[in-house]
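Colleague: no FASTA, just this:
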C-alpha cells in the first residue's frame, strides 16, 4: 500500500471515529424526555398501542370483569368494524397530507346503489356489488381529479362532494330505507359480513375479520411496494417527490380512487352490520374516521404514521365508549372524553414532530 493510500485510509478511519463520538455524545446528552420523543418519532404506532393497552387496563379495573368478558370484547370489535374500514380509507388520504370529508357519504351511497339494484331491480347481487365497487372508485377518483387537476383544496373539495353524495343518497332512495326482510328475500349476500361464528363465548363477525384484512392489505401495499414509498414521499414533501421523479398527481389520484373503493367495501360490510340500508345512516362517519386516524398517531400534516395506527385508533375509541358505558358514565360525558382524547392526540403529534425541526 502506498503512503498516499495509507494516509487516505487513516483519514477515513478518523472521520468514522469522529462520527461515532459525536453520535455517542448526542445520545449521552439527551434527557429521558428527549429520548422518549426520538423513540416515538421513529415508531409512530407506539403511541396508540400504549394508549390502547393503558385504556384496556384502566377500564378493566373501573368496569370490573364485565369489560374483559369475551362477549364485550367481541362487541367492541363489531362496533368499530365499519368506522375502522372508513378510517383505513381516511388514513390513506391523510398520509398524503389531504383529508376526505366524504368517505361516509360515499359508503352510504354505494350501499343504496347496491340495495336498489339487487332488491328492487332484480340485478344479481354479485353484479350489484360490482357496480357499487366501481362507483366507489369513481367517486374517489372524482375527488382526486378536482384536487390534482383543478387544484382545489382537499378540505373544500370533499366538503362539497359530501353534500353532493348525500343528496344523491336521498334522491336515489326517496329518503326510504330498504328493510331487512326485503334484503333477506332478494339478496341475502348483501348481509354476508354481518354473519359470524361463536368462539370461546364471543361472537366473531366476518365484518370484523374483513376490517383486519383491509388493514393488513394496506400495510403491505404501503410498506412493501414502490407505490407505498411514493405515497409516503408525496405526503412528506410533494415538491421534493416530484423532483425525485415521482408523478405526484398520479399517486394522489390512485390514493383517492383506492380510498373510494375501500368505502364501497365498507358499504357492503355496513349492510351486514346494520341489517338494513338507510340513506341517513353513519351520518357522523366522516368525523369518526378522522378521529380514529388522529388518535392512531397519523400526522394530519402527512408523510408520518402507520396505517395500522388507524386500526388502533378505532379500537381506542371503541374501548373508551365501551368502558365508559359499563362504568355508567352519561353519554354526554362519553362524547366529552372523546373530544379530549382527540386534543391530546394532536398535541402529542405536534410534540413528536418537533424532533425533526
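Modeller: Nice, I can see it. Predicted model only: the values in this text are computed from it and were never measured.
Colleague: pull the number of nearby residues for residue 90.
Modeller: With neighbours defined by other Cβ atoms under 10 Å, the count for residue 90 comes to 31. In short, each C-beta sits where N, CA and C put it, glycine included.
Colleague: what sits against the closest residue in space to it that isn't next to it in sequence?
Modeller: With Cβ to Cβ, 6 or more residues apart in numbering as the criterion, residue 90 has its nearest non-adjacent residue at 4.1 Å, and that residue is residue 289. Counting by Cβ atoms under 8 Å, 6 or more residues apart in numbering, residue 289 makes contact with 83, 86-87, 89-90, 103-104.
Colleague: closest to residue 222 out of these?
Modeller: Proximity to residue 222 was ranked across the contacts of residue 289 by Cβ to Cβ; first place goes to residue 89, at 13.1 Å.
Colleague: neighbours around that closest one, how many?
Modeller: Counted with other Cβ under 10 Å, the burial measure for residue 89 works out to 32 neighbours.
Colleague: report pLDDT for it.
Modeller: Taken from the predicted model, the pLDDT recorded for residue 89 is 96.
Colleague: which SSE is it in?
Modeller: Assessed by DSSP states H and E, residue 89 sits inside helix 70-94.
Colleague: distance between that helix and the chain's centre?
Modeller: Averaged C-alpha coordinates place helix 70-94 at 9 Å from its chain's average position (Cα atoms, centre = their mean, to the nearest Å).
Colleague: list the buried residues of stretch 217-227.
Modeller: Residues of stretch 217-227 classed as buried by neighbour count (16 or more other Cβ atoms under 10 Å): 218-219, 222.
Colleague: over to stretch 148-156?
Modeller: Buried residues in stretch 148-156, defined by neighbour count with 16+ other Cβ under 10 Å: 148, 154.
Colleague: contacts for it?
Modeller: The contact list for stretch 148-156, computed with Cβ under 8 Å, 6+ apart, reads 93, 98-101, 143, 146-147, 249, 252-253.
Colleague: end-to-end on it?
Modeller: Terminal residues of stretch 148-156 lie 13 Å apart, using Cα to Cα, to the nearest Å.
Colleague: that one: how far from the chain's middle?
Modeller: Stretch 148-156 has its average C-alpha position 21 Å from the chain's average C-alpha position, going by Cα atoms, centre = their mean.
Colleague: and for stretch 287-301?
Modeller: For stretch 287-301, the separation from the chain centroid amounts to 7 Å (computed by Cα atoms, centre = their mean).
Colleague: equivalent analysis for stretch 255-270, please.
Modeller: For stretch 255-270, the distance from its own C-alpha centre to the chain's C-alpha centre is 11 Å (Cα atoms, centre = their mean).
Colleague: stretch 201-217 too?
Modeller: Here the centre of mass of C-alpha atoms in stretch 201-217, compared against the chain's by Cα atoms, centre = their mean, lies 15 Å away.
Colleague: can you check stretch 96-116 too?
Modeller: Relative to the centre of its chain, stretch 96-116 is centred 14 Å away, using Cα atoms, centre = their mean.
Colleague: try stretch 185-196
Modeller: Averaged over its C-alpha atoms, stretch 185-196 has a centre that lies 25 Å from its chain's centre (Cα atoms, centre = their mean).
Colleague: thinking again about what came up before, columns distance to residue 352 on top of the contacts of residue 289, output as TSV?
Modeller: Below are these laid out as TSV (distance: Cβ to Cβ, whole Å):
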residue	distance to residue 352
83	24
86	25
87	20
89	24
90	20
103	26
104	29
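Colleague: nearest to residue 238 among these?
Modeller: Out of the contacts of residue 289, the member with the shortest distance to residue 238 (by Cβ to Cβ) is residue 90, at 19.0 Å.
Colleague: could you dump the contacts of stretch 148-156 into a markdown table with distance to residue 284 and secondary structure added?
Modeller: A markdown table is the format used below for the contacts of stretch 148-156 (distance: Cβ to Cβ, whole Å; DSSP: H, G, I helix; E, B strand; the rest coil):
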| residue | distance to residue 284 | secondary structure |
| --- | --- | --- |
| 93 | 18 | helix |
| 98 | 20 | coil |
| 99 | 16 | coil |
| 100 | 15 | coil |
| 101 | 11 | coil |
| 143 | 20 | helix |
| 146 | 24 | helix |
| 147 | 24 | helix |
| 249 | 31 | helix |
| 252 | 26 | helix |
| 253 | 28 | helix |
